[in-house]
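# quick one, fold the following:
(2 chains)
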Amino acid sequence: MTFSPSPDGMAESAIAISVVGFSIMTILLLLLVLRRYWIEQRQNERRDSLRMITAQLMVWLSGDDVGAKLADAPRQDKLDALVHLYQLVRGSDRQKLGQFAIDNRLLQPIIARARRGSVNSRIDAVRILEWVGQDESIKALKQVLLRDANPRIRLEAAAALAQLDALPYPKILVTALDLETTKPTRLHRALFRAAAPKYGPELVAMLRRKIPDELRAALVDALGWTGDYSSLEHLAAASHHANPLVRRAALRAASQVNHPAAAPWIFALLDDQDETVRELAAQTCAHLGLRKAMPKLREMERDASPWVRLRVEQALGAMAEPA
Amino acid sequence: MNAPAADDWLVTTALWLAAIAFAIVSLRNIVAVIQLIVAVRAFRRRVKPARRPLQLWSRYADLSMAVSVIAPCFNEELFIVDSVKALLGLQYPNHEVIVVNDESTDNTLGVLIAEFGLKPIQREKLADLTPSEIFGIYGSTKFPNLIVVDKANGRKADAVNGGLQYATTPLICVIDADSIIEPDGLLRSTEPFMADDGSLVAVGGAIRVINDSPVRGGYVETVRLPKGWLPRFQLLEYLRAFLTARVAMAELNMLVLISGAFGIFRRSTLVEIGGYRHDSLAEDFEVVTRLHRHMREQNRPYRVEFIPEVVCWTEVPFDYAGIRNQRTRWQQGGMETLRSHRKMLFNPRYGRVGMVALPLVILEDIVGPPSELMGYLLIPLLFFTGLLSGTSAIAFFSITLLFGTALSLGTLALEETQLRRTPSARDLLIIGCAAALENFGYRQFLLYFRIRGIWKFFRKERGWAAVPRAGFTRD
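Sure, this is the predicted structure:
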């Protein structure tokens, strides 16, 4: 008996398919290799082009006119060179580079990309706008923050605005990022911190509203970054909050404010029932150099929580070192 | 039973076995094709990472969570200083390095003490995760973020637990002593934690082969293609594993394996499950499976993610003896883990992990190898006994070969279009050739090593054979 699970005709077809498949794969591999070879060659040319543009931009920054030399350079190369240089310069040079981007109409396509296209492309565009800065970019980023349907892109736009010191009011931020219904992350916390120096009173006003504890903690945390000692009274109030998240946020903020007037309520938190609050209170004492807390800290060396004992040990060590 | 009836029975059985083997091998190939398609979709949808470390740093330096890098070491006296310096020099704003000396018999500890000015310190033990004796804890007078834990020998899992006991940071990075982390690898791999709501418990990253690339001061100086074909075949395997299988499984939220060479874990969750198991031969697979089990049993929302960017480089075995020991151990370890967590299999309580991911491991690691072996044995046998036509036999082999090569080339194309870490066009061509060549000999050896692992598992042989390494090409 001869068994062919597939009749010979089918087997022959399978062999033919395999041969065709291998031929196609060979061609595709060769195309892939050729594409790579072409990219390598082009990369060398592009590296030269970027180097030339960067050099010309530096000459331009020093005040010489190089407009004609850059006129023929590809727009993408100009933008890449500009973004790279933008990260290396400061102050008025940054302003000038931003102006260069506007004068050379480099931003328009990026702004258009930030408004439509795939999620990837929009995020990529938002990041470029962040690097370039300028009023036009800020305006476009604010529109993205308020209007984009995708929360990921709105968050990316908010992060870009934070980098450009152009965040909107905290209330707008909370609405745009759905923070009354979703749990704030470290990124959100960083956004509020970035907004704090400008919007201290607005943060305090928001704390008077009924808001979720997680959001309250993020706002209390941001109070430490207002640069305003009057925030201490709000931190003292937050130190009595029922949720340890908020009490911890008050301690983090107090560390940042770094004023000994916070000492009484920080000492009180050394006795907090929540171990994470106690350990942070010990760290805060060390950070503020509150040597009056040392006897209490020595008592706490026998705390039931190993984390508290560790932080107390570190705090005592830090305070024992000469200033 | 008369002779013709016995013959008929044998023939029917052989034919059925061949058909079953072919069906199982085809099913594995189909799963691999689906994984490749899902991986392509994941790559297309992912947000491109920052192009330059400077961009990454300026975006995330203030947000990053503190990380403890736990580096277990055993008899590393020659290279430990370079390795630790590279770990200390990682681009990360807030990390500590915990080196765990697993009772090296050479002068590893002495070298560390001399180079980094180590002094014995008191350090609070924050968890109890290893029965091994801790001989001492050392702090560095030169680097405040370096700690050395000197402990009794207990292999890698035990050493990691030894370090984990003293880690104080919210994130833990576990690496192999012979791993080389990319300078911005920590920053890239902790990125998912920065916008996380607390549900992310672990992140894996892609690992690549570093054989024959020069390493200076603990960093990969230039990436080069390995010279031998064996490391090249393994390079291709790593590409398939990391860029296709893991990306796809993570995309479908059922990643069950984060490589032991590099993984980031939320410390609190890792401690909650008791750290790594000391007695496992595949502790990396086991710990992630246990994480899934723990979180599912507690009905807690959680995620395990994977980033396809290269975060770490590792040296692969350069000869068949090394691969044999490594793969046999992986096979045994995988089967042990499946046995330990058999309760999860096909159990809806464990969601996709129980219903899909672990059954796929069974298909790949338990049912797959014997079926493949059966195919290799039965098809020639059926042909030589005249039961299968030559055309059909060739058809079986050519289709299998086509699938194998297509999957490798598909992954290579994905790598080239998305990551482009192959050094040059010439190297790309060589790896492409390796995709075809590995089907003639290498895959069959791997199959033998897997069968060997299955055999040893059933015989309950639990020896830990060393995997010889050539050592990095160091200056």
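
# tell me the gap between the strand or helix carrying B:Ser68 and the middle of its chain.
Using DSSP states H and E, B:Ser68 falls within strand B:67-73. The chain centre lies 17 Å from the centre of strand B:67-73; the measure is CA atoms, centre = their mean, to the nearest Å.

# other residues contacting the helix or strand following it?
Toward the C-terminus, strand B:67-73 is succeeded by helix B:80-88 as the next helix or strand (DSSP H and E). With CB atoms under 8 Å, 6 or more residues apart in numbering or on different chains as the contact definition, helix B:80-88 has outside contacts at B:69, B:71, B:73, B:76, B:97, B:99, B:108, B:111-112, B:115-116, B:143, B:145-146, B:177, B:180-181, B:215, B:217-219, B:474. (C-beta placed from N, C-alpha, C; glycine too.)

# adjacent strands (with direction) for whatever helix or strand comes next after helix B:80-88?
Remark: after helix B:80-88, the chain's next helix or strand is strand B:95-101, criterion DSSP H and E. With DSSP bridges as the test, strand B:95-101 is paired with strand B:67-73 (parallel), strand B:146-151 (parallel).

# mean neighbour count for those - can I get that in TSV?
Putting the strands paired with strand B:95-101 into TSV (neighbours: other CB atoms under 10 Å in any protein chain shown) gives the following:
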stretch	mean neighbour count
strand B:67-73	25
strand B:146-151	24
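
# to A:Glu299, which of the ones you listed lies closest?
Shortest distance between A:Glu299 and these, using CB to CB, is found for strand B:146-151: 27.0 Å.

# need the phi and psi values for the nearest residue to B:Gly204 once chain neighbours are set aside.
Excluding the flanking residues, the one nearest B:Gly204 by CB to CB, 6 or more residues apart in numbering or on different chains is B:Ile258, at 3.5 Å. Main-chain torsions, B:Ile258, degrees, to the nearest 10: phi -120, psi 130.

# state the distance from B:Ala127 to B:Asp102.
Using CB to CB, to the nearest Å, we find B:Ala127 at a distance of 18 Å from B:Asp102.

# more neighbours: which of the two?
B:Asp102 (24 against 18; other CB atoms under 10 Å in any protein chain shown).

# ok, now which ones touch that one?
B:Pro72, B:Cys73, B:Phe74, B:Lys151, B:Asn153, B:Gly154, B:Arg155, B:Lys156, B:Asp158, B:Ala159, B:Gly162 are the contacts of B:Asp102 under CB under 8 Å, 6+ apart.

# ok, and the most crowded of those residues?
Tallying neighbours with other CB under 10 Å puts B:Ala159 at the head of the contacts of B:Asp102, with 30 neighbours.

# for stretch B:92-103, C-alpha coordinates in PDB please.
This file holds the C-alpha atoms of stretch B:92-103, laid out as PDB (Å, rounded to 0.1, in the frame of the first residue of the first chain):
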ATOM      1  CA  TYR B  92      20.000  57.300  35.300                       C
ATOM      2  CA  PRO B  93      19.400  60.000  37.900                       C
ATOM      3  CA  ASN B  94      18.600  57.900  40.900                       C
ATOM      4  CA  HIS B  95      19.900  54.300  41.000                       C
ATOM      5  CA  GLU B  96      21.900  52.200  43.400                       C
ATOM      6  CA  VAL B  97      24.000  49.200  42.500                       C
ATOM      7  CA  ILE B  98      23.800  46.100  44.700                       C
ATOM      8  CA  VAL B  99      26.500  43.600  43.900                       C
ATOM      9  CA  VAL B 100      25.900  40.200  45.400                       C
ATOM     10  CA  ASN B 101      29.000  38.100  45.800                       C
ATOM     11  CA  ASP B 102      27.700  34.500  45.800                       C
ATOM     12  CA  GLU B 103      30.700  33.100  47.800                       C
END
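
# what is the mean pLDDT for it?
Mean per-residue pLDDT for stretch B:92-103: 93.

# what of stretch A:136-145?
Mean predicted lDDT for stretch A:136-145 stands at 93.

# what residues sit buried inside that stretch?
A:Glu136, A:Ser137, A:Ile138, A:Ala140, A:Leu141, A:Lys142, A:Val144, A:Leu145 (16 or more other CB atoms under 10 Å in any protein chain shown).

# would a markdown table of those with distance to chain B and secondary structure be doable?
Compiled in a markdown table, the buried residues of stretch A:136-145 are given as follows (distance: CB to the nearest CB, whole Å; DSSP: H, G, I helix; E, B strand; the rest coil):
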| residue | distance to chain B | secondary structure |
| --- | --- | --- |
| A:Glu136 | 21 | helix |
| A:Ser137 | 16 | helix |
| A:Ile138 | 17 | helix |
| A:Ala140 | 19 | helix |
| A:Leu141 | 15 | helix |
| A:Lys142 | 19 | helix |
| A:Val144 | 15 | helix |
| A:Leu145 | 16 | helix |
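
# can you name the two of these that sit furthest apart?
Longest distance between any two of the buried residues of stretch A:136-145 is 15.1 Å, between A:Glu136 and A:Leu145; criterion CB to CB.

# helix or strand: which one has the residue in the stretch 201-323 of chain A that chain B sits nearest to?
In the stretch 201-323 of chain A, the residue that lies nearest chain B is A:Leu310 (3.9 Å; CB to the nearest CB). In this structure, A:Leu310 is located in helix A:306-320 according to DSSP H and E.

# just A:Leu129 next, same as before
Using DSSP H and E, A:Leu129 falls in helix A:119-132.

# check the offset of that helix from the chain's centre.
Offset of helix A:119-132 from its chain centre (CA atoms, centre = their mean): 13 Å.

# list the buried ones in it?
A:Arg122, A:Ile123, A:Asp124, A:Ala125, A:Val126, A:Arg127, A:Ile128, A:Leu129, A:Glu130, A:Trp131, A:Val132.

# any regions of the chain where pLDDT drops low?
Let's take chain A. Across chain A, the ranges flagged by pLDDT under 70 are A:1-7, A:66-69, A:321-323.

# wrong one, chain B
Where chain B drops into low confidence, which here means pLDDT under 70, it does so at B:1-4, B:50-62, B:463-475.

# point out the other helices and strands that the lengthiest strand in it packs with.
Scanning chain B for the strand with the most residues, using DSSP state E, yields strand B:303-314. Other elements packing on strand B:303-314 under the criterion 3 or more CB pairs under 8 Å, 6 or more residues apart in numbering or on different chains; DSSP states H and E are strand B:179-181, helix B:185-194, strand B:200-209, helix B:247-251, helix B:283-297.

# TSV for the ones you listed, including mean neighbour count and distance to B:Ser398?
Listed next are the helices and strands packed on strand B:303-314 as TSV, based on neighbours: other CB atoms under 10 Å in any protein chain shown; distance: least, CB to CB, whole Å:
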stretch	mean neighbour count	distance to B:Ser398
strand B:179-181	25	39
helix B:185-194	23	41
strand B:200-209	24	29
helix B:247-251	23	26
helix B:283-297	22	34
